[in-house]
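Q: okay, predicted coordinates and the sequence, questions at the end:
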Amino acid sequence: MREITATVDIDASPDRVWDALTDLSRYAEWNPMFTGGSGTPAAGNTLTLRMPVGGLTVPFKTFVLAADEGRLLRWRGRLIGPAVFEAVHEFVLTPREGGTTVLQRETMVGRLVPLASSMIDQYEKTVVRLNEALKDRCRLTPPH
């Protein structure tokens, strides 16, 4: 098992942060991890996210485990099955005075995890960059 976590304080309401996180069609404008996506982030739904990997853009499907508006977005992605590779990715939004604290966490399990250690190290840097990009996105875009 491997877990990655990163937190960021954002000077925007949880609803505004939620709007940025769940507007999958606009990910290409700001998101360093995903270049786009489709689907409705609601528990039980499937999302298709596009991720740059080695010069290619790879679509993959995720299953939404939880979507509590303004509070929590959690999905699961798998490669073949949990014995090979499974990742649960979540964004936890906590209100704070003047804004929101975002905890981003990904927990990975399966046989590929130890073999992909150097790739996961690079991915961890992208998780941090995503938090910073989300902060910028919420600061630079007007609320809906």
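A: Sure thing, it's come through. Numbering: from 1, shown residues only.
Q: check which element follows the worst-scoring helix or strand of the chain on mean pLDDT along the chain.
A: Here the helix or strand of the chain ranked lowest by mean pLDDT, DSSP states H and E is helix 112-115, holding a mean of 89. Moving toward the C-terminus from helix 112-115, the next helix or strand (DSSP states H and E) is helix 117-140.
Q: what's the neighbour count on the closest residue in space to Lys135 that isn't next to it in sequence?
A: Using CB to CB, 6 or more residues apart in numbering and skipping residues adjacent in sequence, the residue nearest Lys135 is Ile10, 4.8 Å away. In short, each C-beta sits where N, CA and C put it, glycine included. Using other CB atoms under 10 Å, Ile10 is surrounded by 24 other residues.
Q: give me the phi and psi angles of Ile10.
A: phi -120, psi 130 (degrees, to the nearest 10).
Q: got the CA positions of stretch 42-59 in CSV?
A: Extracted in CSV, the C-alpha atoms of stretch 42-59 (Å, rounded to 0.1, in the frame of the first residue of the first chain):
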residue,chain,number,x,y,z
ALA,A,42,-22.3,11.7,-7.9
ALA,A,43,-22.0,8.6,-5.8
GLY,A,44,-22.4,5.5,-8.0
ASN,A,45,-21.6,7.2,-11.3
THR,A,46,-18.6,6.6,-13.5
LEU,A,47,-16.3,9.4,-14.6
THR,A,48,-14.0,9.3,-17.6
LEU,A,49,-10.9,11.3,-16.8
ARG,A,50,-8.0,12.0,-19.3
MET,A,51,-4.5,11.9,-17.9
PRO,A,52,-1.2,12.7,-19.6
VAL,A,53,1.1,9.8,-19.4
GLY,A,54,4.5,9.8,-21.2
GLY,A,55,3.5,12.2,-24.0
LEU,A,56,0.1,10.5,-24.5
THR,A,57,-3.3,11.3,-23.1
VAL,A,58,-4.8,8.2,-21.6
PRO,A,59,-8.6,8.1,-20.8
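Q: please consider this matter closed, and thank you.
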